[in-house]
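Engineer: mind folding the following:
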Amino acid sequence: MDREFVFAAVADERRRIACLLDGLSPAQLATPSLCAGWDVKTVAAHAVSSATDGTPTFLRLALRRRSMARAIDELARRRGELPAAEIVASLRECADRRIDPPLFGPLDPLADVLVHSADIRIPLGLPFQPDPQRAALAMDFLTGRWPFGFVPLGRLRGIRLCAGDIDWAWGSGAEIRGPVAALMLAVTGRTALLGMLDGPGLPILVSRLSVQSGDPRRKA
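Structural biologist: So this is what the prediction gives:
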């Protein structure tokens, strides 16, 4: 893994979200995102929170709330109460901040910002076409040992994932094929691009998503 490439990719994706947010109307900002319970503005606020609040802040609040998901949700909603212009400015200011969480590493924030870009773009009817190399790196994390909160234990058991737009594959078992971006959303519990996937493993994954259809992570 080229760490400099990852840090630069995260910074660029944050700026892309800031640029997109800057041109949205109040109605668009209030559009429900793919992240259940959050509108577009709150997702962007979470992107700021992820870059600025720091792991200790998340952990302390998670201990008080007895839930990491509740902590992430609370911090995002706090920032989501700020004016959109302030959220945009904060996202631009923190774009280059390097986040390297213990255990998870820098691919965690890359997966986070890519998935949340989809959470914003797709409900607004905007294309979601991330760089396949970036999405493949995110998938390395999401299918790795520590995808905490992104991919529940057992979701991908007995499934093989094969990207059609980049040389990337993982796992063994019933195959699911399609664009790496669509695979990324599917494994994190988003169903918006399932129509771009096929293969004998797809019904298995869909059935598991319906069972595990709770909060896909207030982090992703």
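Engineer: do me a favour and get the end-to-end distance for stretch 146-165?
Structural biologist: For stretch 146-165, the separation between the terminal residues is 25 Å (Cα to Cα, to the nearest Å).
Engineer: model confidence over it, on average?
Structural biologist: Mean per-residue pLDDT for stretch 146-165: 92.
Engineer: where do the strands sit along the chain?
Structural biologist: Along the chain, the stretches classed as strands by DSSP state E are 159-163, 169-171, 174-178.
Engineer: make CSV out of those and add mean neighbour count and distance to Ala9.
Structural biologist: Quick note: C-beta positions are derived from backbone N, CA and C, even for glycine. Putting the strands of the chain into CSV (neighbours: other Cβ atoms under 10 Å; distance: least, Cβ to Cβ, whole Å) gives the following:
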stretch, mean neighbour count, distance to Ala9
strand 159-163, 21, 17
strand 169-171, 17, 20
strand 174-178, 20, 21
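Engineer: Asp198: which of those strands is closest?
Structural biologist: Distance to Asp198, taken as Cβ to Cβ, is lowest for strand 174-178 among the strands of the chain, at 5.8 Å.
Engineer: show residues contacting that closest one.
Structural biologist: Contacts of strand 174-178 with the rest of the structure, by Cβ atoms under 8 Å, 6 or more residues apart in numbering, involve 158-164, 183, 186, 193, 196-202, 204-205.
Engineer: among the residues you listed, which ones are buried?
Structural biologist: Among the contacts of strand 174-178, those classed as buried by 16 or more other Cβ atoms under 10 Å are 159-163, 183, 186, 193, 197, 199, 201-202, 204-205.
Engineer: turn the residues you listed into a markdown table, including distance to Arg97.
Structural biologist: Converted to a markdown table, those look like this (distance: Cβ to Cβ, whole Å):
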| residue | distance to Arg97 |
| --- | --- |
| Ile159 | 35 |
| Arg160 | 36 |
| Leu161 | 30 |
| Cys162 | 34 |
| Ala163 | 29 |
| Leu183 | 28 |
| Ala186 | 29 |
| Leu193 | 29 |
| Leu197 | 34 |
| Gly199 | 38 |
| Gly201 | 37 |
| Leu202 | 37 |
| Ile204 | 39 |
| Leu205 | 34 |
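Engineer: nearest to Glu93, of these?
Structural biologist: Checking the buried ones among the contacts of strand 174-178 against Glu93 with Cβ to Cβ, the nearest one is Leu193 at 31.4 Å.
Engineer: can you pull the contacts of the closest residue to that closest one other than its chain neighbours?
Structural biologist: In space, and not counting its chain neighbours, Leu193 is closest to Ala182: 3.9 Å by Cβ to Cβ, 6 or more residues apart in numbering. Residues in contact with Ala182 (Cβ under 8 Å, 6+ apart) are 193-194, 196-197.
Engineer: okay if I get those as CSV plus distance to Val88 and pLDDT?
Structural biologist: What follows is the contacts of Ala182, written out as CSV (distance: Cβ to Cβ, whole Å; pLDDT from 0 to 100):
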residue, distance to Val88, pLDDT
Leu193, 26, 98
Leu194, 31, 98
Met196, 30, 98
Leu197, 33, 99
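Engineer: out of those, which one sits closest to Ser50?
Structural biologist: Leu193 (22.6 Å).
Engineer: next, the closest one: phi, psi?
Structural biologist: Listed backbone geometry of Leu193 is phi -110, psi 20, with angles given as degrees, to the nearest 10.
Engineer: verify the contact between it and Leu185 for me.
Structural biologist: Yes - under the contact definition of Cβ atoms under 8 Å, Leu193 touches Leu185, with a separation of 5.1 Å.
Engineer: I'm done for today, thanks for sticking with me.
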